[in-house]
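Trainee: have a look at this prediction, sequence included:
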Amino acid sequence: MQAYDSTNIFAKILRKEIPATVIHETACSLAFHDAFPKAPLHALVIPKGAYTDLHDFCKNASDTEITDFWHAVDHVITDLNLVESGCRLISNSGANGGQEVPHFHVHICGGTKLGPMLVK
Ligand code: 5GP
């Protein structure tokens, strides 16, 4: 597993070195709008702790952080009115997954009928 790189853009958002449009904040998690949305609604949810990807998060985060995180995801889905219409959660991991920012995050995309899950 790669070491956590504290210069990544989400670490800078957590340190308030760069701005973000925050949707929801809890003790352990932060949700904000993606700066380059791929859907009419495109939010990102991140833990405040320094975890590179889902594996790192599940292996090393406390149960409190993990519970807080998934409740934050559900809060954002509810807040953005995506419960009824539906949405897609994506978490890219590592090189093959196409992860650009090496701080664990979940994308929440919705607001339209999304296309096929993957385009070959
Ligand atoms: P990944 O490819 O790592 O799963 O997704 C990273 C996401 O971060 C991309 O959807 C990208 O648009 C978003 N992103 C990159 N830079 C910034 C930024 O400075 N602010 C915000 N809010 N999102 C960003």
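Mentor: The structure has been received and is ready for your questions.
Trainee: near the ligand, which residues of the protein? Just list them.
Mentor: Ile9, Ile18, Ala20, Phe32, Asp34, Ala35, Phe36, Asn92, Gly98, Gln99, Glu100, Val101 (C-beta under 6 Å from any ligand atom). Bear in mind the C-beta positions are built from the backbone N, C-alpha and C, glycine included.
Trainee: as JSON lines, those residues with distance to Tyr51 and pLDDT would be great.
Mentor: Shown next, in JSON lines, are these (distance: C-beta to C-beta, whole Å; pLDDT from 0 to 100):
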{"residue": "Ile9", "distance to Tyr51": "15", "pLDDT": "98"}
{"residue": "Ile18", "distance to Tyr51": "20", "pLDDT": "98"}
{"residue": "Ala20", "distance to Tyr51": "18", "pLDDT": "98"}
{"residue": "Phe32", "distance to Tyr51": "17", "pLDDT": "98"}
{"residue": "Asp34", "distance to Tyr51": "19", "pLDDT": "98"}
{"residue": "Ala35", "distance to Tyr51": "21", "pLDDT": "98"}
{"residue": "Phe36", "distance to Tyr51": "22", "pLDDT": "98"}
{"residue": "Asn92", "distance to Tyr51": "14", "pLDDT": "97"}
{"residue": "Gly98", "distance to Tyr51": "18", "pLDDT": "95"}
{"residue": "Gln99", "distance to Tyr51": "12", "pLDDT": "97"}
{"residue": "Glu100", "distance to Tyr51": "16", "pLDDT": "97"}
{"residue": "Val101", "distance to Tyr51": "12", "pLDDT": "98"}
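Trainee: just the buried subset of those residues, written out for ChimeraX, thanks.
Mentor: Buried residues within those, by 16 or more other C-beta atoms under 10 Å, are selected in ChimeraX with:
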select :20,32,34,92,99,101
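Trainee: tell me which of the residues of the chain next to the ligand fall in strands.
Mentor: Secondary structure from DSSP state E places Phe32 of these in strands.
Trainee: which two in the residues of the chain next to the ligand are spaced the farthest apart?
Mentor: Taking C-beta to C-beta as the measure, those span a maximum distance of 22.1 Å, between Ile18 and Gly98.
Trainee: nearest to Leu118, of the residues of the chain next to the ligand?
Mentor: Gly98 (10.8 Å).
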